[in-house]
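Below: sequence and its predicted model.
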Amino acid sequence: MKYNRSFCYLLSILLLLIMAPVFNGCAVLLLGGGAAGGYAVSKDEVVGAVDAKKAKVYRAALETAKNKGIIKIQDESHGRIDVSVNDINVKIHVDQITEKSTQLKVEARNKYKMPKIQVAQDVYTDILKKVA
């Protein structure tokens, strides 16, 4: 059976519309970044690789955290910073991947444990600006 091009196009769009709610919030979106080789965005966190040493990324993250809110936990040896930004709990993790590459992960949730991805993206972006 042979189908014309418009029918296949319409069928593809219809299938995407039907399947979109099924995968809502589960898919990871890969985007390009400036100082990062790329980063992944999920419901409540942004994770990416940064071309800088852990100490430099941690200092930038700490400075950003101080500017954004109230620091609750600050542990450089484990690469962890927890900060409260306008009643949103933000967790920042900095881990060395290679000699010159560091993984930066920023997670944000409100007091009811609901994801706040926009806050996580804002903090992540501010850290990258300070690293560059």
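Nice, thanks for sending it over.

Can you name the residues bridging to the spatially most central residue of the chain?
Closest residue to the average C-alpha location of the chain: V46 at 0.8 Å, with C-alpha atoms, centre = their mean. On the basis of DSSP bridges, V46 is bridged to V41, V106.

so what's it up against?
Each residue near V46 by C-beta atoms under 8 Å, 6 or more residues apart in numbering is listed here: 39-40, 105-106, 117, 120-121, 124. All C-beta atoms are positioned from the backbone trio N, CA, C, and that covers glycine.

Do a quick rundown of the helices in this structure.
Here the chain has its helices, by DSSP state H, at 5-19, 54-68, 117-131.

for the protein, which spans come out with low pLDDT?
1-38 (pLDDT under 70).

tell me the contacts of the closest residue to G79 other than its chain neighbours?
In space, and not counting its chain neighbours, G79 is closest to V94: 3.8 Å by C-beta to C-beta, 6 or more residues apart in numbering. Residues in contact with V94 (C-beta under 8 Å, 6+ apart) are 54, 57-58, 61, 79-81, 102-105.

So which bits of stretch 107-121 are buried?
107-109, 115-117, 119-121 (16 or more other C-beta atoms under 10 Å).

Please save the CA atoms from that stretch in PDB.
In PDB, the C-alpha atoms belonging to stretch 107-121 read as follows (Å, rounded to 0.1, in the frame of the first residue of the first chain):
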ATOM      1  CA  GLU A 107      19.300  20.900  41.500                       C
ATOM      2  CA  ALA A 108      16.400  23.100  42.800                       C
ATOM      3  CA  ARG A 109      13.200  22.200  44.700                       C
ATOM      4  CA  ASN A 110      10.800  24.200  46.800                       C
ATOM      5  CA  LYS A 111       9.800  23.400  50.400                       C
ATOM      6  CA  TYR A 112       7.100  21.000  49.100                       C
ATOM      7  CA  LYS A 113       9.800  19.100  47.100                       C
ATOM      8  CA  MET A 114       8.400  20.400  43.800                       C
ATOM      9  CA  PRO A 115      11.000  20.900  41.000                       C
ATOM     10  CA  LYS A 116      12.100  24.500  40.100                       C
ATOM     11  CA  ILE A 117      14.100  24.000  37.000                       C
ATOM     12  CA  GLN A 118      14.200  27.700  36.100                       C
ATOM     13  CA  VAL A 119      16.000  28.500  39.400                       C
ATOM     14  CA  ALA A 120      18.500  25.600  38.700                       C
ATOM     15  CA  GLN A 121      19.100  26.900  35.200                       C
END
